[in-house]
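> could you look at this predicted model? Sequence included:
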Amino acid sequence: MKLGSLSATTADDRDAGANTLVSQPINPIALAPRPTDIDETGLSENLLLDLLLKTLNLHGASSVPALCNHLALSGGVIKGLIEIGKSKSLIENTSRNLQGEIRFDISHIGSIQAEKAMLKSGYIGVAPVPIKQYHKVCRAQSNRSEPVTEKVFNQAFAGVNFADDLVENVGPALNSSKPILIYGLPGTGKSFFCRQLNKIFGDNVLIPNAIEVNNEIIQVFDPEIHQSVESKPDQQSLLKLDSGHDPRWVLCKRPLVVTGGELHLDMLETKFDANSRTYRAPLQVKANNGILLLDDLGRQKVSPKELFNRWIIPLEERRDFLSLISGLHFEVPFELMMLFSTNLDPSELIDDAFLRRLGYKIPFAPMDQNQYSQVWYQACDEFGINCPETDFNYLIENLHRKYNKAFLPCYPRDLLSIMGDQMAFKTLERQVSQELLDFAWKSYFV
């Protein structure tokens, strides 16, 4: 059974995590408490000391609060590292700043040590969290923990027009924890629908700035993907331990990662930049505790078969295996919802064995006239354009039916946008007319 396509009145896709509906809100402080000493960071003394030396080498003489800010570590941890550095003649006291705080600087020996550390890893910034803790927090924040109900679904998609059977087909798929394949004609609302699903799993999650694996640091937080919902803590709050979660983690909306025709297999592996000597996490790690949407399946340079071969273990076992340039392999959680969307015939993309692994295959079809009418007049309200019934009927009979164009939810906004441009240019009243419909139609369709 094909589903009618959908459209919506709302809109910024990056705000798709605004409503908390399914998952229970996490307690960041309980999940990631602030470490009070070096041992509680879960990191080695050498890694932290190297990171401190590289920070001092970059920023120069700094106070304890400033170093807390740079490394997102508490004053107790920073002071402990400074004492270790001073005992090894790597760090020394300098003058006080205007606030009367003692500043610490790197010694000549410390500068040599920092340069050696830079040759091993060029990462300078917030201290990482150990991979073991990353596993624990990811599992605790899984969006699989609470079932999606019909009520929750309808709440999340309030203001969106779709066929009645959409709820009956998509709702159970969201509870399956299996990947979902959505397919159908271009313009039927597939991508829009996928991008809105974070409204259902709308609570906030902790994302690490970076993770540590075998003393190597991999950057995870990506400001292009991860939307922080908290203000950056000030130096004094970082210095103390009386409030807040471990600031090495950032409280964010559940991530939505979208990739399309540009996807290639290298993007699914740990990326090492030889020039900066730093690692970056792959797409699926950045999407953990959120949604990974592979749009336009079949349009990539890599074949769908190769992509699915890469996903077999992660999709079935909820874990993935990555590697460092040293050859070390390590495990990361695969706690995300995987969505595939395509305009092509799925049977021509992948064989039956892979289709079975996908679990749910949901086709999207064009709207019926009644649904299309609702979307049309919704769009009219958005654009502030009046449309008499006679002109809407003209659109249906003299344009859609005459030229055999299906009722797709993308058309109303696009056609009304063109008419709005013409109205502004000709200083016309904001009302649809047959002449404007003809103009928009000829401008839109080739």
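Nice, thanks for sending it over. Residues are numbered from 1 along each chain as shown.

> ok, residue 230 touching residue 251?
Yes. The pair residue 230 and residue 251 passes the contact test of CB atoms under 8 Å, sitting 4.7 Å apart. Heads up, the C-betas are built off the backbone N, CA and C, glycines and all.

> between the two, who's got more neighbours?
residue 251 (18 against 13; other CB atoms under 10 Å).

> quick check: the more buried one is in a strand.
Yes. Applying DSSP: H, G, I helix; E, B strand; the rest coil, one finds residue 251 inside a strand.

> my guess is it contacts residue 31, does it?
No. Between residue 251 and residue 31 there is no contact, the gap being 10.3 Å when judged by CB under 8 Å.

> find residues that contact each of those two.
Common contacts of residue 251 and residue 31 (CB atoms under 8 Å, 6 or more residues apart in numbering): 206, 245.

> any stretches of the chain with poor pLDDT?
Residues of the chain that meet the criterion pLDDT under 70 lie in 1-25, 145, 162-164, 167, 202, 232-243.

> break it into its domains for me.
As recorded under automatic domain parsing, the domains making up the chain are 3-26+133-146+148-365, 44-127, 369-444.

> now distance to residue 38 too, for those domains, in a markdown table please.
What follows is the domains of the chain, written out as a markdown table (distance: least, CB to CB, whole Å):
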| stretch | distance to residue 38 |
| --- | --- |
| domain 3-26+133-146+148-365 | 14 |
| domain 44-127 | 5 |
| domain 369-444 | 56 |
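
> where exactly do the strands run in the stretch 51-200 of the chain?
Taking DSSP state E, counting those that start in this stretch as the criterion, the stretch 51-200 of the chain carries its strands at 62-63, 91-96, 102-106, 129-130, 160-161, 180-184.

> and the ones you listed: which comes nearest residue 387?
Distances from residue 387 to each of those were compared using CB to CB; the minimum, 16.3 Å, belongs to strand 160-161.

> chain center to that closest one, what's the gap?
Between the mean C-alpha point of strand 160-161 and the mean C-alpha point of its chain there is a distance of 24 Å (CA atoms, centre = their mean, to the nearest Å).

> equivalent analysis for stretch 59-72, please.
Taking the mean of its C-alpha atoms, stretch 59-72 sits 30 Å from the chain's own mean (CA atoms, centre = their mean).

> swap in stretch 390-403?
The chain centroid and the centroid of stretch 390-403 are separated by 40 Å, computed with CA atoms, centre = their mean.

> could you check how far residue 103 is from residue 69?
Computed with CB to CB, to the nearest Å, the distance linking residue 103 and residue 69 is 14 Å.

> quick one: residues in contact with stretch 126-137.
Contacts made with stretch 126-137 from outside it, assessed by CB under 8 Å, 6+ apart, are listed as 31-32, 41-43, 48, 51, 70-73, 206, 208-213, 217-218, 246-249, 330-333.

> how about a cut-off of 6 Å?
Stretch 126-137 is touched from outside by 31, 42, 71-73, 206, 208-213, 217, 248, 333, with contacts defined as CB atoms under 6 Å, 6 or more residues apart in numbering.

> now stretch 389-405
Contacts made with stretch 389-405 from outside it, assessed by CB under 6 Å, 6+ apart, are listed as 432, 434, 437, 441.

> which one of the residues you listed sits in the busiest neighbourhood?
Highest neighbour count within those: residue 432, with 24 neighbours (other CB under 10 Å).

> burial of the closest residue in space to it that isn't next to it in sequence, as a residue count?
Using CB to CB, 6 or more residues apart in numbering and skipping the chain neighbours, the partner closest in space to residue 432 is residue 387 (4.1 Å). The burial metric for residue 387, expressed as a neighbour count using other CB under 10 Å, is 23.

> same deal with the one 4 residues further on?
The local packing count at residue 391 equals 16, with neighbours defined by other CB under 10 Å.

> what of residue 282?
Other residues near residue 282 come to 18 when the count uses other CB under 10 Å.

> not counting sequence-adjacent ones, nearest residue to it?
If you skip the residues right next to it in sequence, residue 282 has residue 268 as its closest partner in space, 5.1 Å away by CB to CB, 6+ apart.

> hang on, that neighbour packs against residue 281?
No. Using CB atoms under 6 Å as the test, residue 268 is too far from residue 281 to be in contact (10.6 Å).

> not counting its own residues, what contacts the helix ranked longest in the chain?
Here the longest helix in the chain is taken by residue count, with DSSP state H as the criterion, and it is helix 410-426. In this structure, residues lying in contact with helix 410-426 by CB under 6 Å, 6+ apart are 187, 375, 376, 379, 383, 385, 430, 436, 439, 440, 443.

> how about the helices in the stretch 101-250 of the chain?
Taking DSSP state H, counting those that start in this stretch, the helices of the stretch 101-250 of the chain run over residues 108-120, 131-140, 150-156, 165-175, 190-196, 235-239.
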